[in-house]
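Trainee: Any chance you could fold what I've pasted below:
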Amino acid sequence: MPELPDLFYIRNYLRTHVRDQSISSAEVKNPIVLRVAVEGTFEELMRNQSIQDCHVHGPFLRLECSGKIDLVMNLMLAGKLQHQQQHEKTVGHLCFSLLLKDGSRLNLCDEQKMAKAYVVRQGEYAAIPKYREKGVDIMSSGFTLPAFIELAGRHTRKQVRVFLNDHTILSSIGNAYADEILFDAQIHPKTFVSKLTQQQIERLHQSILSVMKWGIEQVNTASQPIHIKVRDHMKVRNKKDQPCPRCGTKIRREGVRGYDVFFCPKCQSPTRKSFIDWNPA
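Mentor: Numbering: from 1, shown residues only. Prediction:
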């Protein structure tokens, strides 16, 4: 799924290429992704709207439109937002398409049809699950070390990987960058927050800041179309059995609360005994 660096890139792209364009028409191919909380059909509501701005709110993209309505999208696992030029094909199963004044289209495509798009009045977001359940914005000035220490102190019973991925605590870190952050901080993903030392908490805070900044820079440098998920720069994510870039040990994959996590068993040594001993004999 798109993570914060991807969403920032999409936001900036849309602000450059789509902002201030009017929507000539809207076409719905798969209404299962739509949630319309304003009277009228999606096609009626979006027609003749002008896209005034784009915002990132946790895992959500919010298109601010001229008619005092917002189109809020959560791309979920496999959703893709495509800015389709007239000579291009769609990038997958088309859910809906907005025809823009310049002849291009803004498409939401999702083979798994898990993405969600909400049409709501501006400022009225109660109809969007988890939209208002947002933790500390990790890219804001409020994400200070004292604030992070206070959050860690309130969630000592969580495994650190679960702690990082909880968007009601930290907004927002996805699976891929959680692996990269823990690798950078040299902390095992199954370590309980209560077992982190003061030095580790400080290092983890710094790793969140530096890794997310690095991710944003890497995605910007790649400069791919907005429907492409940029992951070539990852050091451990999806690198199972490849050598650790720090020490050469094989990267391992394990499960944490139903999600795959990738880590180096040497650089990120466990603080407690696991069912599997990843260390070489």
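Trainee: Only C-alpha atoms from now on, for both contacts and neighbour counts.
Mentor: Fine.
Trainee: Would you mind pulling up the elements that the longest helix seen in the chain packs against?
Mentor: Counting by DSSP state H, the longest helix found in the chain is helix 198-222. The contact analysis (3 or more C-alpha pairs under 8 Å, 6 or more residues apart in numbering; DSSP states H and E) places helix 198-222 against helix 4-17, helix 145-154, helix 175-185.
Trainee: where does the helix or strand that comes right after it sit relative to the chain's centre, distance-wise?
Mentor: Downstream of helix 198-222, the next assigned helix or strand under DSSP states H and E is strand 252-256. In terms of C-alpha atoms, centre = their mean, to the nearest Å, the centre of strand 252-256 is set 20 Å apart from its chain centre.
Trainee: in its sheet, what does strand 252-256 sit against?
Mentor: Here strand 252-256 is paired, per DSSP bridges, with strand 259-263 (antiparallel).
Trainee: List the buried residues for the partner strand?
Mentor: V261, F262, F263 (16 or more other C-alpha atoms under 10 Å).
Trainee: Where does pLDDT dip in the protein?
Mentor: Scanning the chain with the threshold set as pLDDT under 70 gives 272-281.
Trainee: what's the domain layout of it?
Mentor: As given by automatic domain parsing, the domain ranges for the chain are 4-121, 136-234.
Trainee: out of those domains, nearest to R253?
Mentor: Nearest to R253 among the domains of the chain is domain 136-234 (10.4 Å), distances taken as C-alpha to C-alpha.
Trainee: Work out the gap between that closest one and the centre of the chain.
Mentor: For domain 136-234, the distance to the chain centre is 12 Å (C-alpha atoms, centre = their mean).
Trainee: What's opposite the closest residue to S97 other than its chain neighbours in the beta bridge?
Mentor: With C-alpha to C-alpha, 6 or more residues apart in numbering as the criterion, S97 has its nearest non-adjacent residue at 4.4 Å, and that residue is N107. Using DSSP bridges, the bridge partners assigned to N107 are Q82, S97.
Trainee: residues contacting N107?
Mentor: Applying C-alpha atoms under 8 Å, 6 or more residues apart in numbering to N107 gives the contacts K80, L81, Q82, H83, Q84, T90, L94, C95, F96, S97, L98.
Trainee: go again using 6 Å as the cut-off
Mentor: Taking C-alpha atoms under 6 Å, 6 or more residues apart in numbering, we find N107 in contact with L81, Q82, F96, S97.
Trainee: residues near the third one, how many?
Mentor: Pointing back at F96 there. 23 (other C-alpha atoms under 10 Å).
Trainee: just checking, it touches I32?
Mentor: No: the pair F96 / I32 is not scored as a contact, 10.2 Å apart, by C-alpha atoms under 6 Å.
Trainee: which residues in the stretch 51-200 of the chain form strands?
Mentor: Using DSSP state E, counting those that start in this stretch, the strands found in the stretch 51-200 of the chain span residues 51-57, 60-65, 69-74, 80-84, 94-100, 105-109, 116-121, 136-137, 170-171.
Trainee: Of all those strands, which one comes closest to G40?
Mentor: With C-alpha to C-alpha as the criterion, G40 lies closest to strand 116-121 of the strands of the stretch 51-200 of the chain, at 10.1 Å.
Trainee: Just the angle for the closest one relative to strand 94-100, thanks.
Mentor: Using axes from the mean of the first three to the mean of the last three C-alpha atoms, to 10 degrees, the direction of strand 116-121 lies 40 degrees away from that of strand 94-100.
Trainee: For strand 116-121, report the contacting residues that lie outside it.
Mentor: Contact with strand 116-121 is made by V33, L34, R35, V36, A37, V38, I69, D70, L71, V72, M73, N74, as judged by C-alpha under 6 Å, 6+ apart.
Trainee: Which residue is the nearest non-sequential neighbour of the second one?
Mentor: This points to L34. Leaving aside its sequence neighbours, L34 sits nearest to A117 (C-alpha to C-alpha, 6+ apart; 5.0 Å).
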